[in-house]
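A.B. asks: okay, predicted coordinates and the sequence, questions at the end:
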Amino acid sequence: MTMVKAAVIYGPKDIRFEKRNIPDPAPDEVQIEVAFNGICGSDIHEYLEGMDLATMPHPLTHMQAPLIPGHEFSGTISKIGKQVSKLRIGDKVAVEPMIACGKCPECLSGHYNWCEHAIGSDQSAGFLGFSANGGLAEKCNVKSTFAHLLPTDFPLDLGALVEPVSVAAQAVMASRVSPGDDVLIQGAGPIGLFTALIAQISGAHHVIINDMSEERLDLANELGVQYPIRADSQKSLAHAISTITENQGVDVAFDCAGVQPTLTGAIQALKNGGKVTVIALFQHPPVVDVRALLKKGGSLLTSYGYANIFDRVIKIIDTYRSLFKRVITKKIELNELVSEGIESLEKDKKQAKILVRLHS
Ligand SMILES: [Zn+2]
Ligand SMILES: [Zn+2]
């Protein structure tokens, strides 16, 4: 048992900073001294509305709020369970924050992101930070198979980006973005920015990112995204796409915003045979113009979470360290989580990825 400082979420708008006891790791777990934990959109919804937070015992973890939030984190192994052989104390790792049974048909087929037992009957999410204790504490126990070894000189702040970059990388790979493709990204939040970077790294030709916020477009520009555009109507989007792609349209359009106009615009931007890939979790069910899609021979894909991709993403970030580093706009202390983290992301569009520093 170790006593640590932690953020604890009790329910909507109720995060407290407390001392918590973290038990020794189970035989198949490792204990991590958390270095950095990133804040994401789902943490904001968890804080504001209690979204995805377990309010009754979760079917796999048997845990419920109050819980330690945080699912994007990196750290150093400080204790190992008895059955763990591949990791050692002192190893640096990025944590894959999934909760999965490992036994159902989906898990056994490798799609553990669709585990049949990971979502509670109260819609609690199958992620650390929602249905089990997460990374916003000095220590966290995780399944050893979900602790991914980082290169010894890999900066731990970049380790906290592996989770959100995996969301983007899974979507880009599922869409088979190929060298020479033209790509549109709707929405320049962190996932949109990461999607643009992975598309560029994958050899895309024109990468266009569309957002209403000038601040976010400035950041996209700093990251080297070729065409940051602010299209405030379907007409202006169509005009920009046809100018940039010389009337052809894009091969792949990603919806990283998740509102009706961004999906409609994505379909409209496609060339014949193109694909729309939805990454965003829509709050309201959108209308899909199937006729417009059909006339182009287009496809509509979705990408949810990730599976079996962390080790590849670690290598991608390792190759482009300075590029990914620029997405981190602020580092804060644990007790600033709400004021300088969650509320800052809500108000200040200049912020992309804010990391909470636990140990560094
Ligand atoms: Zn996240
Ligand atoms: Zn399962």
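C.D. replies: Arrived safely, thanks for sending. Ligands and ions are numbered 1, 2, ... in the order given.
A.B. asks: not counting its neighbours along the chain, what's nearest Ala94?
C.D. replies: Val162 (3.9 Å; C-beta to C-beta, 6 or more residues apart in numbering). In short, each C-beta sits where N, CA and C put it, glycine included.
A.B. asks: taking the stretch 251-360 of the chain, what residue is nearest to ligand 2?
C.D. replies: Of all residues in the stretch 251-360 of the chain, the one sitting closest to ligand 2 is Ala307 (11.3 Å; C-beta to the ion).
A.B. asks: show me where the chain has its helices.
C.D. replies: Along the chain, the stretches classed as helices by DSSP state H are 41-49, 105-108, 156-159, 162-174, 190-201, 214-222, 234-244, 260-269, 290-295, 310-319, 321-325, 343-347.
A.B. asks: which of those sits most buried?
C.D. replies: Comparing the helices of the chain by mean neighbour count (mean count of other C-beta atoms under 10 Å), helix 190-201 comes out on top with a mean of 26.
A.B. asks: what helices and strands are in contact with it?
C.D. replies: Under the contact criterion of 3 or more C-beta pairs under 8 Å, 6 or more residues apart in numbering; DSSP states H and E, helix 190-201 touches helix 162-174, strand 183-186, strand 207-210, helix 214-222, strand 250-255, helix 310-319.
A.B. asks: now for the nearest residue to His148 once chain neighbours are set aside: which residues touch it?
C.D. replies: Nearest residue to His148 in three dimensions, chain neighbours excluded: Phe310, at 4.5 Å (C-beta to C-beta, 6+ apart). Contacts for Phe310 (C-beta atoms under 8 Å, 6 or more residues apart in numbering) come out as 94, 96, 148, 162, 166.
A.B. asks: mind doing that once more with 10 Å?
C.D. replies: Phe310 sits next to 93-96, 98, 146-149, 162-163, 165-166, 169 when contact means C-beta atoms under 10 Å, 6 or more residues apart in numbering.
A.B. asks: from those, which is closest to ligand 2?
C.D. replies: For these, the nearest to ligand 2 is Met98 (9.9 Å; C-beta to the ion).
A.B. asks: nearest to Ile15, of the helices and strands packed on helix 190-201?
C.D. replies: Closest approach to Ile15 among the helices and strands packed on helix 190-201 (C-beta to C-beta): helix 162-174, 20.1 Å.
A.B. asks: before we move on, the earlier item: nearest residue to the residue of the stretch 251-360 of the chain closest to ligand 2 in space, please, no chain neighbours.
C.D. replies: Excluding its sequence neighbours, the residue lying closest to Ala307 (C-beta to C-beta, 6+ apart) is Asn113, at 4.5 Å.
A.B. asks: measure the one you found to Ile191 for me?
C.D. replies: 16 Å (C-beta to C-beta, to the nearest Å).
A.B. asks: skip the chain neighbours and tell me the closest residue to Phe146.
C.D. replies: Glu96 (4.2 Å).
A.B. asks: isn't His111 right up against Pro105?
C.D. replies: Yes. At 8.9 Å, His111 and Pro105 qualify as touching, with contact defined as C-beta atoms under 10 Å.
A.B. asks: ok, which of the helices of the chain comes nearest Leu301?
C.D. replies: Checking the helices of the chain against Leu301 by C-beta to C-beta gives helix 162-174 as the closest, at 6.4 Å.
A.B. asks: the closest one to helix 41-49, inter-axis angle?
C.D. replies: Per axes from the mean of the first three to the mean of the last three C-alpha atoms, to 10 degrees, the angle that helix 162-174 makes with helix 41-49 is 120 degrees.
A.B. asks: and helix 162-174, how far from the chain's centre?
C.D. replies: Centre-to-centre, helix 162-174 and its host chain are 8 Å apart (C-alpha atoms, centre = their mean, to the nearest Å).
A.B. asks: and it, average pLDDT?
C.D. replies: For helix 162-174, mean pLDDT rounds to 98.
A.B. asks: what does stretch 304-313 give?
C.D. replies: Stretch 304-313 comes out with an average pLDDT of 96.
A.B. asks: which pLDDT value goes with Asn37?
C.D. replies: Asn37 carries a pLDDT score of 98 in this model.
A.B. asks: now swap in Leu60 and tell me
C.D. replies: pLDDT, Leu60: 97.
A.B. asks: quick check: it touching Cys115?
C.D. replies: Yes. Between Leu60 and Cys115 there is a contact under C-beta under 10 Å: 8.1 Å.
A.B. asks: which of the two has more residues huddled nearby?
C.D. replies: Neighbour totals were compared for Leu60 and Cys115, and Cys115 leads with 21 against 18 (other C-beta atoms under 10 Å).
A.B. asks: mind listing what that one touches?
C.D. replies: Neighbouring residues of Cys115 by C-beta under 10 Å, 6+ apart: 60, 98-107, 126, 307.
A.B. asks: one more time with 7 Å
C.D. replies: Applying C-beta atoms under 7 Å, 6 or more residues apart in numbering to Cys115 gives the contacts 100-101, 104, 106-107, 126.
A.B. asks: I am finished for the moment; much appreciated.
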